[in-house]
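Student: Here you go, sequence then predicted model.
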Amino acid sequence: MRMRSLIIAAGLLLPLAATLPAHAATTVYQAEDATLSQASVATNHTGYTGTGFVDYVNTTGSYVQWSVSAAAAGSATLTFRYANGTTADRPMDIAVNGTTVSSGKAFNATGNWDTWADTSVTVNLNAGANTIRATATTAGGGPNVDKLTMVSQDGTGGGPAVPFGSHQFAYASGMLRPTGSQATLDQKVIDYYNKWKAAFVKQNCGNGWYEVISPDADHPYVAEAQGYGMVIVATMAGADPNAKTIFDGMVKYMLAHPSVNNANLLAAEQDASCKSVNGSDSATDGDLDVALGLLLADKQWGSTGTYNYKDLAVKHINAIKTSEVNPTTKLMLLGDWSSPGDSLYYTSRSSDWLIDHFRAFKKATGDSAWDTIRTAHQNLITSQQANYASSTGLLADFVVTTNTTPKPAPGKVLEDANDGKYWWNACRDPWRIGTDAVTSGDSASLASARKINSWIKSKTGGNANNVAVGYSLSGSQISSGSEPAFFAPFAVAAMTDSGSQAWLDALWTKMLNTSFTSTDYYSTSIQLQVMIVVTGNYWLP
């Protein structure tokens with residue numbers, strides 16, 4: 001829908017604002033803080049694809065420390081993942097809130113730095129914040145301690161299973177992140193989220209609803225905005241203590257505004273009174289994100305509460321397949337209003353080609369049709385880049401005649417004369433394609449993202465201020481100015497290229513230095529989601 005006319009420092013402790021979830025009773029924390037005389041943030045060891053762990057070598061007293069939170073006081077089992085690289089045991093003292101609870105805990109020999117093992121200890125935790133520290137007790141130093149898993153003994157708790165900043169899901173090997181400590185990167189996302197939430201997450205219509213307003217869209221409330229909101233809020237759980245309350249209010253709003261064509265989809269547009277208008281049918285982009293948001297919520301909080309998120313997600317996914325996928329081409333329709341015989345039935349919008357979502361839908365439903373759908377879209381992306389944007393990799397807002405020879409729209413087909421160019425819909429494509437590339441490592445997505453990245457980095461001379469507002473597919477600038485909706489998405493594509501660290505940093509700095517605009521829902525929502533991805537905080541259920 002078009003919206004426009006780790007820190008390694010002595011004594012430093014940065015908490016991860018996370019809680020122990022009741023439904024899963026398990027939380028995983030990456031190594032957070034270390035004090036030692038010889039240490040380095042390690043690059044990937046052979047056989048391990050994560051990042052952010054620390055080598056502990058040759059020093060008695062080296063330690064790794066986590067800040068963890070339990071929703072209620074009680075017993076928990078702490079399991080440490082480590083490798084010590086020798087045939088000798090390397091004991092550690094385990095302390096909780098400054099009190100040693102296990103002296104000389106055995107971190108047994110692994111014989112290889114690339115062989116990981118676990119050791120566990122049962123402790124009592126306070127309600128709220130707790131500090132866990134593992135300290136080397138021998139001259140040989142401690143092992144590599146990679147992460148801590150905390151499992152409650154009584155199932156008490158209530159927080160998210162994947163709290164923001166826990167970095168439980170590793171990206172594909174070799175993906176870049178902006179320069180800076182992980183804690184600093186995470187905090188920048190939290191700061192921007194808080195601004196976004198204050199500006200756009202509202203309860204304007206009562207009924208226990210939460211809505212994301214869209215003052216720069218065609219209507220005050222659009223499905224795209226609600227989809228963005230559900231994905232963002234579920235992802236920010238942990239950093240936002242009210243995330244579940246807000247999310248449930250969004251679910252209530254979604255259920256109160258069904259499409260007239262398929263009740264398991266969301267009506268695309270509402271007026272200032274939150275009444276569905278303009279046909280009360282659906283928009284595909286909103287539905288795709290609503291479905292993913294529900295899957296994220298199921299993983300975060302389980303589905304035994306007020307709403308069965310998993311059941312709602314599966315119903316939404318199946319409805320998308322039934323009403324928003326062209327059965328002939330396997331490509332996304334523009335909404336459930338598009339039917340055989342209408343002029344747009346064989347038209348598809350590139351910003352709806354959400355490859356990572358299709359992977360999540362296959363996993364959630366077990367329906368192999370989503371593999372077919374995913375492959376059809378990846379093949380279309382590849383062919384459009386090769387046939388119509390060989391030098392840039394850019395995609396058009398809309399592709400027509402998808403049943404014969406798919407090609408960029410020849411002019412206005414739905415919105416304006418730039419429908420066949422890289423404009424206000426397609427500007428999201430580097431983010432969307434890049435997100436699949438960094439999370440899956442898929443070769444087709446990597447190639448597509450890298451093609452776009454190579455061109456834009458060259459086009460701008462590596463200067464983020466030179467990113468224009470729109471391009472022809474051959475790379476000619478459409479409009480001057482600077483918009484986060486256009487420059488921010490290129491940062492995700494930049495993550496895929498090992499030679500683009502400076503370019504990624506330039507885009508990150510541009511995002512941080514661009515003033516937040518409380519009336520620009522579209523650009524700020526895109527930038528926030530890009531920030532989540534590039535800092536390593538995006539994950540798929």
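Tutor: Noted; the coordinates are in hand. Numbering: from 1, shown residues only.
Student: And for the residue nearest to Leu296 when sequence neighbours are not counted, the neighbour number?
Tutor: In space, Leu296 comes closest to Ala234 once its chain neighbours are excluded; the distance is 3.8 Å by CB to CB, 6 or more residues apart in numbering. Placement of C-beta: from N, CA and C, glycine included. If you count neighbours by other CB atoms under 10 Å, Ala234 ends up with 28.
Student: Give me the distance between Ala234 and Lys421.
Tutor: Distance, Ala234 to Lys421, using CB to CB, to the nearest Å: 33 Å.
Student: same check, this time on Thr517
Tutor: Distance check for Thr517 against Lys421: by CB to CB, it reads 24 Å.
Student: Quick check on these two: which one has the bigger neighbour count.
Tutor: Per other CB under 10 Å, whichever of Thr517 and Lys421 has more neighbours is Lys421, with 25 against 14.
Student: Please read off the pLDDT at that one from the model.
Tutor: Lys421 carries a pLDDT value of 98.
Student: just checking, it touches Leu395?
Tutor: No: applying CB atoms under 8 Å as the test, Lys421 and Leu395 come out as separate, 9.6 Å apart.
Student: anything in contact with each of these two?
Tutor: Counting by CB atoms under 8 Å, 6 or more residues apart in numbering, the residues touching both Lys421 and Leu395 are Leu473.
Student: Do a quick rundown of the strands in the stretch 401-541 of the chain.
Tutor: Secondary structure of the stretch 401-541 of the chain (DSSP state E, counting those that start in this stretch): strands at 407-408, 469-471, 477-479.
Student: quick one, which of those strands is nearest to Gly206?
Tutor: With CB to CB as the criterion, Gly206 lies closest to strand 469-471 of those, at 37.6 Å.
Student: roughly how far is that closest one from the heart of the chain?
Tutor: 25 Å (CA atoms, centre = their mean, to the nearest Å).
Student: average model confidence for that strand?
Tutor: 98.
Student: Ok, stretch 430-445 next?
Tutor: pLDDT averaged over stretch 430-445 gives 98.
Student: That one: which residues count as buried?
Tutor: Buried positions in stretch 430-445, judged by neighbour count with 16 or more other CB atoms under 10 Å: 430-442, 444-445.
Student: Out of these, which sit inside helices?
Tutor: 430-440, 444-445 (DSSP state H).
Student: which two in those are spaced the farthest apart?
Tutor: Longest span within these, CB to CB: Trp431 and Ala444, 16.7 Å.
Student: is it true that Ala494 touches Trp503?
Tutor: Yes: contact status for Ala494 versus Trp503: in contact at 5.2 Å, counting by CB under 8 Å.
Student: out of those two, which sits in the more crowded spot?
Tutor: Ala494 (30 against 24).
Student: So the more buried one versus Asn453, what's the distance?
Tutor: Computed as CB to CB, the Ala494 to Asn453 distance reads 5 Å.
Student: between those two, what contacts are shared?
Tutor: Joint contacts of Ala494 and Asn453 (CB under 8 Å, 6+ apart) are 434, 500, 503.
Student: And the host helix or strand of Gln300, what does it pack against?
Tutor: Per DSSP states H and E, Gln300 falls inside helix 284-301. Packing partners of helix 284-301 (3 or more CB pairs under 8 Å, 6 or more residues apart in numbering; DSSP states H and E): helix 223-235, helix 243-255, helix 309-323, helix 355-365.
Student: If anything else comes up later, I'll come back, but that's it for now.
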